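J.: Need the 3D shape of this:
(2 chains, ligands or ions: 2)
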Amino acid sequence: MRIVTGNDLVTGAVTWWTGNGWSVHVADAVDAGHEAEAIAAVEEAARRVNGPVVIEGMMTDAGPTPAHIKDRIRASGPTCRQDLGIRPDFQIEKA
Amino acid sequence: MYRYDEYDQAIVDARVEEFRDQVNRRLSGEMSEDQFKPLRLMNGLYLQLHAYMLRVAVPYGTMSGKQMRMLAHIARKYDRDYGHFTTRQNIQYNWIELKDAADILAELATVEMHAIQTSGNCIRNISSDQYAGAAADEVADPRPWAELLRQWSTFHPEFSYLPRKFKIAVIGAEEDRAAIQLHDIGLQIRKNDAGEIGFRVFVGGGMGRTPMIGPVVRDFLPTADFLSYIEACLRVYNRYGRRDNLYKARIKILVHEIGRDEYARQVEEEFLHTKTLGLDAPQAEVDRIAAMFAPPAFETGLSDEIDRSDPDFALWVDQQVKAHKAPGYAIVNISLKPTVGIPGDASSAQIDVMADLAERYGLDELRVTHAQNIVLPHVKKADLYAVWQALDAAGLATPNLDLIGDIIACPGLDYCALANARSIPLAQKIAKRFESLDRQRDLGELKLKISGCINACGHHHAGHIGILGVDRKGEENYQLSFGGSAAADTSLAKIVGPGFDEDGIVDAIEKAVGVYKTLREGGERFVDTYRRVGEAPFKEAIYG
Ligand code: HEM
Ligand code: SF4
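T.: Ligands and ions are numbered 1, 2, ... in the order given. This is a model prediction of the structure:
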């Protein structure tokens, strides 16, 4: 699947495209397919996201999961500070 | 300590308001990210993996209690209750919101702090010896010269768009505690045969993807020529530095390509010109700045006795306390490396504790070290026990200075957008494996440094044991190297062999340390044994 992700302009929080908006939970991410780039451009111009990128991911039992470890860490929050409670339930290790 | 004059305060305040306007224009859509990014970077605001990150300058690593307390306040009010002290003697906040950025800078300005020149291709915050003004082996205090450089380089119009970033370090002691030979310019104060003070000038050192040790380009630079000579060094670089290739743009590449002699010759030629420009500070200004760094009023007639009856305290004294030049005083090193902690991280509460201790027992001074620890440079020996008790209660009394548990680690893939692999969890695993302090002390000085990518923010090239995180087919992988040093015996670490996963590398370090234990002679440190016997026995033990 092709996931669109970026940071919230105001807070900087990592966000994921949900099909009709942005969520801080990767679980809400959808496959943006061949529209991903267009969505990123429109959303960035409207300042609903900052620095959007299109990344590869796959649908697993745990929900949408980015292919690259960097994006999995973006989804979970710093692995060394899970007490911050960003998204500690998200497994960054590959299944 | 240096205090802002009206000019300093005015330019910092004006900069805050300028940035506030820029942020507002970004938020309202008047500016795109492409337009805004260079402006926010000029104010220390990055966008990292999870959020905006703010890097605050701590000029030459020196702070007062009030400034330190402001750092705690910012962590508490605008961030997630902690900050990360870095190898650049700065502090980084990892969870800043754009809407707060100008307010934070305004608060910093009230205590004479800012985030200017903590990013971009300009002269960055000047670094120095954390024991400046206190060390028993000091020729002269480097901070007045670091301050002069700060004033000269702040908003220097000619050097705001250099080919690449530029880092200068100044020390005034024989022992190098600031890695000067690994800086773009390293300056060491020394005396000539006539007993005059001047500088040995190293140019073209650096880490990153092409590590180099800076050669000496001037053995004795008189203080009267200080700024005009440094200006000449920068001018030659600004003109000939490789702007065509990001990876070859640092001054180390220029010095390496044209050679030390040719670079030095061009600098001398340029210096003949810069010397006529009236750049050097008048003696009165040098004296004015130096007066602000005059030694504090040390009490006299103090005892040098330390009551060592508490064994835990005695252990801490042996590891963390260093000789001071004033009788009855000592330098206290505060470890930000508790076992399985995060190297360099401190909570707001801990930052407050350190600020309090500096005010109460430390003549109101603190330092940040390039090893990501904090120093109280002036503590009465009679107060050491009270200081230790307060530190211990705050989780800040781990006695591991310069031992294997005192790991330098960059933020790595837990925070940094450029990273290939995580540094912090690996540091924690290693610290856990070598948790026993008896064992650490038996192994002696052992500097272990980890970077999450080739940029080398974690100084891995300069580690007795250096670890570099790489991306191997999408998996985190770690390269092991031995034999680096950032001290007076500066050397670059050499890769031992193929890389490891996270568990593999901890085992490999265990094996290497075993080889050292078997082969060490006399008082040899790990790095001494490695240099003497070479890599073969280590390789053999690790790869079989
Ligand atoms: C997380 C954000 C950071 C980013 C994006 C970043 C970026 C970089 C880059 C690109 C370089 C290589 C420069 C070159 O070789 O031309 C570099 C070098 C360096 N950085 Fe960082 N860095 C970050 C954090 C840190 C931290 C936290 C520290 C201190 C722990 C640090 C200290 C250094 C040092 C000491 C060097 C190598 C010395 C040199 O050759 O300049 N950086 N950094
Ligand atoms: S070394 Fe690489 S991973 Fe570590 S902080 Fe620097 S840029 Fe980031």
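J.: Only C-alpha atoms from now on, for both contacts and neighbour counts.
T.: Will do.
J.: Now residue B:246: closest residue in space that isn't a chain neighbour?
T.: residue B:164 (7.6 Å; C-alpha to C-alpha, 6 or more residues apart in numbering or on different chains).
J.: got a list of what the residue in chain A sticking out farthest from the centre touches?
T.: In chain A, counting by C-alpha atoms, centre = their mean, residue A:83 sits farthest out from the average C-alpha position, at 20.4 Å. Counting by C-alpha atoms under 8 Å, 6 or more residues apart in numbering or on different chains, residue A:83 touches no other residue.
J.: For residue B:136, give its distance to residue B:146.
T.: Separation of residue B:136 from residue B:146 (C-alpha to C-alpha, to the nearest Å): 20 Å.
J.: Report the contact partners of the closest residue to residue B:198 other than its chain neighbours.
T.: Nearest non-adjacent residue to residue B:198, counting by C-alpha to C-alpha, 6+ apart: residue B:222, 4.5 Å away. Neighbouring residues of residue B:222 by C-alpha under 8 Å, 6+ apart: B:197-199.
J.: from these, which is closest to ligand 2?
T.: The closest of the contacts of residue B:222 to ligand 2 turns out to be residue B:199 (C-alpha to the nearest ligand atom; 30.1 Å).
J.: in which helix or strand would I find the closest one?
T.: strand B:197-203 (DSSP states H and E).
J.: between residue B:136 and residue B:146, who's got more neighbours?
T.: Using other C-alpha atoms under 10 Å in any protein chain shown, the more surrounded residue of residue B:136 and residue B:146 is residue B:146, with 22 against 16.
J.: can you tell me which residues contact the more buried one?
T.: B:60, B:126-128, B:169-170.
J.: Please give the element, helix or strand, for it.
T.: helix B:143-153.
J.: Whether the very next helix or strand once past that helix contacts ligand 1 - can you check?
T.: Using DSSP H and E, the helix or strand that follows helix B:143-153 in sequence is strand B:168-171. No: shown here: strand B:168-171 not in contact with ligand 1 (C-alpha under 6 Å from any ligand atom), separated by at least 9.7 Å.
J.: Any chance you could list what contacts strand B:168-171?
T.: With C-alpha under 8 Å, 6+ apart as the criterion, strand B:168-171 contacts B:123-129, B:132, B:141-143, B:145-146, B:177-180, B:183-189.
J.: in stretch B:489-509, what counts as buried?
T.: For stretch B:489-509, burial by neighbour count (16 or more other C-alpha atoms under 10 Å in any protein chain shown) applies to B:490-496, B:499-500, B:502, B:505-506, B:508-509.
J.: Out of those residues, which comes closest to residue B:419?
T.: Among these, residue B:502 lies closest to residue B:419 (C-alpha to C-alpha), at 15.2 Å.
J.: Might you report the residue contacts of the closest one?
T.: Neighbouring residues of residue B:502 by C-alpha under 8 Å, 6+ apart: B:426, B:476-478.
J.: In terms of helices and strands, where is the closest residue in space to residue A:47 that isn't next to it in sequence?
T.: Computed as C-alpha to C-alpha, 6+ apart, the closest residue to residue A:47 that is not its neighbour in sequence is residue A:9, at 6.7 Å. Using DSSP H and E, residue A:9 sits in no helix or strand.
J.: Pull the number of nearby residues for residue A:9.
T.: Residue A:9: 23 neighbours (other C-alpha under 10 Å).
J.: Likewise for residue B:333?
T.: When neighbours are counted by other C-alpha under 10 Å, residue B:333 comes out with 27.
J.: Pull out the buried positions in the strand ranked longest in chain A.
T.: Longest strand of chain A, by residue count under DSSP state E: strand A:50-60. Neighbour counts using 16+ other C-alpha under 10 Å place A:50-52, A:54, A:57 of strand A:50-60 among the buried residues.
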